[in-house]
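Chemist: Quick one, what's the 3D model for this:
(one chain, ligands or ions: 1)
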Amino acid sequence: MTNETKQKTESENTEESKQTIQGDIHQEIKIPDYREIIFSSVVSGPRIREGVQVSQINMCDGRNIFQIIDPKEESSRDKIRMVTGIAMHSYTQKKIVRNPDPNRFEVEKQFHYRDFIFGNIDLYDKEFGVAVEIKAKFLENPKWKVKPFVSHVQQLKDLMAMGNISYGALVYEVIGGGDEPLVQFNYQMDSSEREEQLRILEERATTFLNAKDKKDPALARHVFFNKELRWLCDRIDKRTGEYIWCPYYWKCMSMISKERMSDELYSPEINLIARNVFDNRAKQSGIADTSIEL
Ligand code: SF4
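Modeler: Residues are numbered from 1 along each chain as shown. Below you'll find the predicted structure:
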């Protein structure tokens, strides 16, 4: 090995490298940790907005309120997934307004309803009058079938109703497998369906705002007994077989249980049975603290 090569190799193998700045002036620098810089630049903090965005009220409102009063960090994996989805989404929007026809699509078309409910549709096809929502879907197993999320359908229909649009399409950009990189689901709503959608939207938004103003998750809608969205509370990761819990699970269960104690339908006995089921699940998943009093 020549002297020159040896020096180069030593330099590459040390954490701190030497750089030549302005010709012959040498300065030792510590190469920054770009992982942290990249991560914090692509994953921004929560945005505080006035009123209600339709995207805020299509999952579990109770969880959103818990998140406001007791913020919990999402996992880095979830944050990066979210950013990947946003990047795909923005790239599609950027490309489609130029190609195939620069006059055909409107990007991020904005709507509002009753001056406190806001929303944007990803694409509006002016030629056919169709509202298009684009979502990224991470498919961990190529054999799994892409199905529309209830929350995505609700969001699209809210936006169709706000924009008085009869036709809508939900397009999933599939990341990570499968033969179909794009999957589309179509929807249609007549004027009375749109009216009904707006009525329910206003009710949901008002309830959410009230709970948010009072910082009280008990006043918000939750999905604990909702068959379609119950997976947000606890589920088994199909990939790893591990339990995944909502970070507010025990607080939420305690809150709901107290409410239900006074409800004849949910007697203390039923709550006790539920508690046993939850305790067993918690033990299996290694969660130690299940000591919240119901
Ligand atoms: S446990 Fe379920 S219902 Fe409760 S806040 Fe979490 S997601 Fe919502």
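
Chemist: and the stretch 151-294 of the chain, which residues reach the ligand?
Modeler: Residues of the stretch 151-294 of the chain lying near the ligand by Cβ under 6 Å from any ligand atom: 222-224, 232-233, 246, 248-249, 252. For glycine as for every other residue, the C-beta is placed from the backbone atoms N, C-alpha and C.

Chemist: Try it again at 8 Å.
Modeler: Within the stretch 151-294 of the chain, the positions lying close to the ligand (Cβ under 8 Å from any ligand atom) are 217, 222-224, 226, 229-230, 232-234, 245-249, 251-253, 255-256.

Chemist: Inside strands: which ones of those residues?
Modeler: 234, 245 (DSSP state E).

Chemist: Just want the most central residue of this structure.
Modeler: Centroid-nearest residue in the chain, with Cα atoms, centre = their mean: Met82, separated by 6.8 Å.

Chemist: ok, so what distance separates that one from Glu74?
Modeler: Distance, Met82 to Glu74, using Cβ to Cβ, to the nearest Å: 8 Å.

Chemist: Return the alpha-carbon coordinates of the strand or helix carrying Glu196 using CSV.
Modeler: Secondary structure assigned from DSSP states H and E places Glu196 in helix 191-214. Extracted in CSV, the C-alpha atoms of helix 191-214 (Å, rounded to 0.1, in the frame of the first residue of the first chain):
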residue,chain,number,x,y,z
SER,A,191,-78.0,15.3,-3.8
SER,A,192,-80.0,13.8,-0.8
GLU,A,193,-77.0,11.6,0.1
ARG,A,194,-74.7,14.7,0.0
GLU,A,195,-77.1,16.6,2.2
GLU,A,196,-77.2,13.8,4.7
GLN,A,197,-73.4,13.6,4.6
LEU,A,198,-73.2,17.3,5.4
ARG,A,199,-75.6,17.0,8.3
ILE,A,200,-73.6,14.2,9.9
LEU,A,201,-70.3,16.0,9.1
GLU,A,202,-71.5,19.1,10.9
GLU,A,203,-72.6,17.0,13.9
ARG,A,204,-69.2,15.3,14.0
ALA,A,205,-67.3,18.6,13.7
THR,A,206,-69.3,20.3,16.4
THR,A,207,-68.8,17.5,18.8
PHE,A,208,-65.1,17.4,18.1
LEU,A,209,-64.7,21.2,18.5
ASN,A,210,-66.6,21.1,21.8
ALA,A,211,-64.3,18.3,23.2
LYS,A,212,-61.2,20.1,21.9
ASP,A,213,-62.2,23.4,23.5
LYS,A,214,-62.9,21.7,26.8
